[in-house]
Structure formats: C-alpha cells, structure tokens
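S.K.: My questions concern the predicted model and sequence given below.
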Amino acid sequence: MPVRNRFAELLPEIAAWRRDLHANPELLFDCHRTSAFVAERLRAFGCDEVATGIAGTGVVGVIRGRSTASGRVVGLRADMDALPILEATGLPHASTVPGRMHACGHDGHTAMLLGAAKYLAETRHFDGTAVVIFQPAEEGGGGGRVMVEEGIMERFGVQEVYGMHNMPGLPVGQFAIRAGAFFAATDQFEIVVEGGGGHAAKPHETVDPTLTAAQLVVALQSVVARNVDPVQQIVVSVTAFRTESEAFNVIPPRATLRGTLRTMDAGVRSLAEARIRALAEGVARAFGARALIDWRPGYPVMVNAEAETAFAAAAAATVAGACASAPLVMGGEDFAYMLNVRPGAYILLGNGDSAPVHHPEYEFADAAIPAGCSWWAEIVETRMPAA
C-alpha cells in the first residue's frame with residue numbers, strides 16, 4: 001500500500017505537533033517539555049503502556065496488536081533533541097529560545113513517530129507488539145547508549161529496531177538506504193602543545209608552541225594520505241586552533257588543537273587513533289615541546305543488518321514506489337548503539353531542496369510527514385502481519 005490516506009488526513013495535526021516542538025527546542029538530555037508532550041499524546045492515543053524517565057527524559061510507548069500470538073516485538077525509534085544554533089529561518093514557528101534550534105529535523109522525526117503511534121493504536125492491524133522509542137541526546141550526548149544501558153531492549157522485549165532520518169537533497173517523500181556500515185564512528189580529540197613562551201622578537205629563546213602546533217595540523221593529514229588504505233573511508237579534521245595570547249609581540253606558552261576523526265571500520269579507527277597520538281608526541285618532541293592528548297571516543301560505526309535493511313527497503317518501495325541506494329555518511333548517529341544490540345536498519349527520508357542539516361536556515365519539510373508515517377506503519381504491519 002502506498003502512503004496511507006489516514007496520514008494525509010492527520011497531516012495538519014502532525015504538522016502542528018512538529019511546529020510546536022520546533023518553536024520549543026531542548027538540548028541533549030534536558031528534553032523535559034518534549035518528553036511530557038510525547039507522553040501526553042501517547043496516553044491519549046490509548047497506548048497499552050507509556051514509560052517515562054528513561055535516560056532521564058526518554059519515553060517509550062507500547063502498542064499491542066489485535067493479537068500477540070506471534071510473540072514478535074518491533075521497536076521504532078525517533079530522536080527528540082535540538083542543537084545550540086541561532087535560528088535564521090524567520091518562520092512563524094521559529095525557535096522561541098535564542099541559541100537553540102531544531103536544525104536537524106528531530107522535531108519532524110518525533111512528530112512522524114507520534115503520528116505512526118496514533119495510527120497503530122487506532123488500527124492495531126498486526127500480530128505482535130510495537131514499541132515506539134523517543135530518545136533524548138542524539139546530538140553528541142549518547143542518549144541511545146544510555147537507553148540501551150538502562151535495558152530498554154530487555155525491558156520491552158524488543159527483537160529488532162528501526163530508525164529514520166530526513167535527508168536534504170533527496171526528493172521529498174523518497175527513501176534511500178544501504179546495508180552494512182552506513183554512518184561513521186565519530187571520535188574527538190584535543191591536543192595541548194606546551195612549549196616555552198616569550199618575546200616574539202626573541203624566538204630563539206623560546207620553544208614556540210604555535211609553530212609546533214601548525215606543523216602538527218599538516219602532519220595529521222598524513223594519517224589519511226599515507227597510513228590508511230586508500231579504499232577505506234576516513235576523515236581527520238582539525239577544527240580549532242587556539243593560543244593563550246592575542247598580543248602581536250608574545251609567543252604563548254601553549255597552543256591547543258581540537259578536531260574530529262571519522263571512520264567506517266573498527267580497525268581503521270584504532271590505527272588512526274594510534275597514529276594521531278604518535279604524530280602529536282613526535283612532532284612536539286622534534287620542536288622541543290610536549291603534547292598532551294585528550295582522546296574522546298564518540299559514537300561507533302552505525303551498521304545496518306542485511307536482512308532488516310531488505311525489509312526496510314521493501315517497505316519504503318511499497319510507500320514511495322522505489323527505494324534508492326544511499327551513500328556512505330561520514331556524520332555520526334547514535335542509533336548505532338541500538339543496532340549494536342539488536343538487528344535492524346536506519347533509512348533516509350527525502351527533505352527536498354532545503355538547507356542542509358545543522359544550518360541556521362534548515363527547515364523540516366512537513367510534506368514528507370505522510371511518507372515517513374506510512375513507512376513506520378508499513379514496517380510494523382509487514383514485520384508482524386495480522387493472522
């Protein structure tokens with residue numbers, strides 16, 4: 001069945017939810033208003049169970065089908081948190097909180113899963129149990145990891161789990177997916193180069209950390225260019241360079257670099273970390289300085305299971321007529337933690353010709369809502385068909 005008529009009927013209501021969430025963005029685990037908004041609606045829909053307070057502000061709703069004889073349990077997950085970005089859309093429903101914005105479409109993800117939950121609670125045309133998971137702190141907080149550590153899969157008996165993210169540049173309502181490694185592991189690092197500061201007119205009397213750190217910025221690119229097999233995917237980016245002085249005539253005592261490592265393979269990830277550490281220490285030593293390295297492991301590689309990816313693609317093709325092959329994404333996604341403990345798949349939903357995610361002019365396309373909701377419903381009804 002293509003896009004369900006019920007979701008076309010519900011579109012004004014779901015879009016209104018989405019715009020309310022957009023106007024009231026919350027960050028990381030501090031999603032108290034959003035959590036209450038979600039829980040209130042799940043209860044109103046008649047969900048069989050609504051659990052709150054998971055990972056602080058996470059919410060889980062349980063919807064049992066007309067029969068549960070199959071014993072099957074399918075999880076559906078949406079993220080709820082926003083970003084620390086000043087919105088520049090000028091829309092009537094723009095953020096009312098300065099410096100916070102739903103710039104990644106999590107407002108749309110949450111609204112679509114609420115819409116699907118309303119439909120599933122109305123129809124219950126499946127044999128099994130649907131578990132709708134609303135997660136805080138995807139944007140760097142690792143809320144997915146915390147929910148897994150708090151035992152949601154075991155507590156609610158989830159056997160397989162599915163997620164969705166909007167994709168600017170893909171036509172509205174179209175889908176794309178790939179099996180295997182899909183989103184990258186995301187590690188962060190901070191390297192403090194300690195030298196010996198002094199007068200800029202007497203550099204020979206100093207150990208210049210600025211020069212040392214500048215050499216290190218260049219040297220770190222050798223990890224990609226010379227240490228890793230060229231067929232592998234890897235990014236090493238230095239994104240900040242800071243010293244303790246802004247004076248024109250002072251060589252500071254230390255310089256700080258910050259950056260990120262993105263990889264698609266656990267072996268490459270380990271190799272790159274080792275090489276970054278070795279280069280930092282070696283370059284600093286060569287200039288008479290010292291490097292202090294703070295390594296901050298991030299999300300693991302997100303890997304779609306083969307069988308579940310095929311199910312997800314088939315559901316998308318039923319809704320939209322086709323499902324494209326998605327490219328590798330070097331961004332991170334903490335749905336990876338859920339896919340590490342249960343088989344499942346993550347799919348991209350077209351957001352059309354919008355600004356990119358994490359941009360102050362980004363806006364979720366409400367026109368994509370019926371397709372997204374229909375995909376959630378299709379997953380439940382085809383993975384747990386009614387007798």
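M.R.: Perfect, I can see it now.

S.K.: Let me have the helix or strand containing residue 188 in PDB, keeping just the CA atoms, if that works.
M.R.: Taking DSSP states H and E as the criterion, residue 188 maps to strand 185-194. Output in PDB follows, covering the C-alpha atoms of strand 185-194 (Å, rounded to 0.1, in the frame of the first residue of the first chain):
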ATOM      1  CA  ALA A 185      32.300   6.400  14.000                       C
ATOM      2  CA  THR A 186      32.900   9.900  15.500                       C
ATOM      3  CA  ASP A 187      35.800  10.500  17.800                       C
ATOM      4  CA  GLN A 188      37.100  13.800  19.100                       C
ATOM      5  CA  PHE A 189      40.500  14.900  20.200                       C
ATOM      6  CA  GLU A 190      42.100  17.800  22.000                       C
ATOM      7  CA  ILE A 191      45.900  18.300  21.800                       C
ATOM      8  CA  VAL A 192      47.600  20.800  24.000                       C
ATOM      9  CA  VAL A 193      51.100  21.700  22.800                       C
ATOM     10  CA  GLU A 194      53.200  23.000  25.600                       C
END
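
S.K.: partners of that strand in the sheet?
M.R.: Applying DSSP bridges, strand 185-194 is found paired with strand 254-263 (antiparallel), strand 290-296 (antiparallel).

S.K.: Out of those strands, indicate the one that is most buried.
M.R.: Among the strands paired with strand 185-194, ranked by average contacts under mean count of other C-beta atoms under 10 Å, first place goes to strand 254-263 (a mean of 22). Placement of C-beta: from N, CA and C, glycine included.

S.K.: just checking, what packs against the helix or strand that comes right after that strand?
M.R.: Downstream of strand 254-263, the first helix or strand assigned by DSSP H and E is helix 266-286. Packing partners of helix 266-286 (3 or more C-beta pairs under 8 Å, 6 or more residues apart in numbering; DSSP states H and E): strand 185-194, helix 209-222, strand 234-243, strand 254-263, strand 290-296.

S.K.: Now with 6 Å, please.
M.R.: Packing partners of helix 266-286 (3 or more C-beta pairs under 6 Å, 6 or more residues apart in numbering; DSSP states H and E): strand 185-194, helix 209-222, strand 290-296.

S.K.: Indicate which one of those is closest to residue 23.
M.R.: In terms of C-beta to C-beta, the element of the helices and strands packed on helix 266-286 nearest to residue 23 is strand 185-194, at 29.0 Å.

S.K.: List the buried residues for whatever helix or strand residue 115 lives in?
M.R.: Using DSSP H and E, residue 115 falls within helix 106-123. For helix 106-123, a neighbour-count test (16 or more other C-beta atoms under 10 Å) marks 106-121, 123 as buried.

S.K.: Need the three-state assignment for residue 224.
M.R.: Under DSSP: H, G, I helix; E, B strand; the rest coil, residue 224 falls in the helix class.

S.K.: In contact with the most centrally placed residue in the chain: list those residues for me.
M.R.: Nearest to the mean C-alpha position of the chain, by C-alpha atoms, centre = their mean, lies residue 333 at 3.3 Å. Residue 333 makes contact with 183, 302, according to C-beta atoms under 6 Å, 6 or more residues apart in numbering.

S.K.: Show me how far stretch 344-355 is from its chain's centre.
M.R.: 12 Å (C-alpha atoms, centre = their mean, to the nearest Å).

S.K.: CA atoms of it as PDB?
M.R.: In PDB, the C-alpha atoms belonging to stretch 344-355 read as follows (Å, rounded to 0.1, in the frame of the first residue of the first chain):
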ATOM      1  CA  GLY A 344      17.600  -3.500  12.500                       C
ATOM      2  CA  ALA A 345      18.000  -0.800   9.900                       C
ATOM      3  CA  TYR A 346      18.200   3.000   9.500                       C
ATOM      4  CA  ILE A 347      16.700   4.700   6.500                       C
ATOM      5  CA  LEU A 348      16.800   8.200   5.000                       C
ATOM      6  CA  LEU A 349      13.700  10.200   4.100                       C
ATOM      7  CA  GLY A 350      13.900  12.900   1.500                       C
ATOM      8  CA  ASN A 351      13.600  16.500   2.700                       C
ATOM      9  CA  GLY A 352      13.800  18.100  -0.700                       C
ATOM     10  CA  ASP A 353      15.700  21.200  -1.700                       C
ATOM     11  CA  SER A 354      16.200  22.500   1.800                       C
ATOM     12  CA  ALA A 355      19.200  24.000   3.600                       C
END
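
S.K.: Give me the residues contacting it.
M.R.: 160-168, 170-177, 304, 308-309, 312, 326, 335, 361-363, 365, 368, 372.

S.K.: what's the model's confidence in that stretch, averaged?
M.R.: Summarised as a single mean, pLDDT over stretch 344-355 is 98.

S.K.: buried stuff in it?
M.R.: Within stretch 344-355, the residues scored as buried using 16+ other C-beta under 10 Å are 344, 345, 346, 347, 348, 349, 350, 351, 352, 354.

S.K.: again, but for stretch 64-77
M.R.: 64, 65, 70, 72, 73, 74, 75, 76, 77.

S.K.: Among those residues, name the ones in strands.
M.R.: Secondary structure from DSSP state E places 64, 73, 74, 75, 76, 77 of these in strands.

S.K.: Name whatever forms a beta bridge with the fifth one.
M.R.: Taking DSSP bridges as the rule, residue 76 bridges to residue 132, residue 162.

S.K.: Contact partners for it?
M.R.: Counting by C-beta under 6 Å, 6+ apart, residue 76 touches 132, 162, 376.
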